[in-house]
Every structure is written in structure tokens, then in C-alpha cells.
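Q: Sharing a model prediction with you, sequence too.
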Amino acid sequence: MTDEYGPWQPLSLLALRETFNGAPFRWWLTGGLGLEEYAKASWRVSTTLEN
């Protein structure tokens, strides 16, 4: 791993949405957060996109 781009911090779901809002490409959530958004229910403790 390199520090070329500085320290890495996971994004919240809201920050991710704001980052890609208006992007000229389609993007998706996968894994746990994607399933939770689809089901409109949460069953995980984590609140970041990292886990």
C-alpha cells in the first residue's frame, strides 16, 4: 500500500451519494450496503463503506 494519495478514510453512504451525484456514468452499491438499501433494512453494525 502506498501513501501517494494521503490517508484513506471510508465514506458514509450520504458522502458517496454526494460524490457521485451527477456523474456521467452509472454506479452501484454492492455487498452489505447494497442489500440494505434494496431491502430498506439494516442488519449490520458498520456505518462505513469500508466494511
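A: Sure thing, it's come through. Bear in mind that the values here come from a model prediction, so they are computed numbers and not experimental data.
Q: Give the buried residues for the one helix or strand in the chain whose mean pLDDT sits lowest.
A: Using mean pLDDT, DSSP states H and E, helix 31-39 stands out as the lowest-scoring helix or strand of the chain, at a mean of 77. Buried residues in helix 31-39, counted by 16 or more other C-beta atoms under 10 Å: Leu33. In this view, the C-beta of every residue, glycine as well, is placed from N, C-alpha and C.
Q: Repeat that for stretch 10-28.
A: Leu16.
Q: what's the span of it from first residue to last?
A: One end of stretch 10-28 to the other measures 16 Å (C-alpha to C-alpha, to the nearest Å).
Q: residue ranges with poor pLDDT in this structure?
A: 1-2, 46-51 (pLDDT under 70).
Q: where do the helices sit along this protein?
A: 13-20, 31-39 (DSSP state H).
Q: how much does the first one deviate in direction from helix 31-39?
A: The one in question is helix 13-20. Put simply, helix 13-20 runs at 90 degrees to helix 31-39, going by axes from the mean of the first three to the mean of the last three C-alpha atoms, to 10 degrees.
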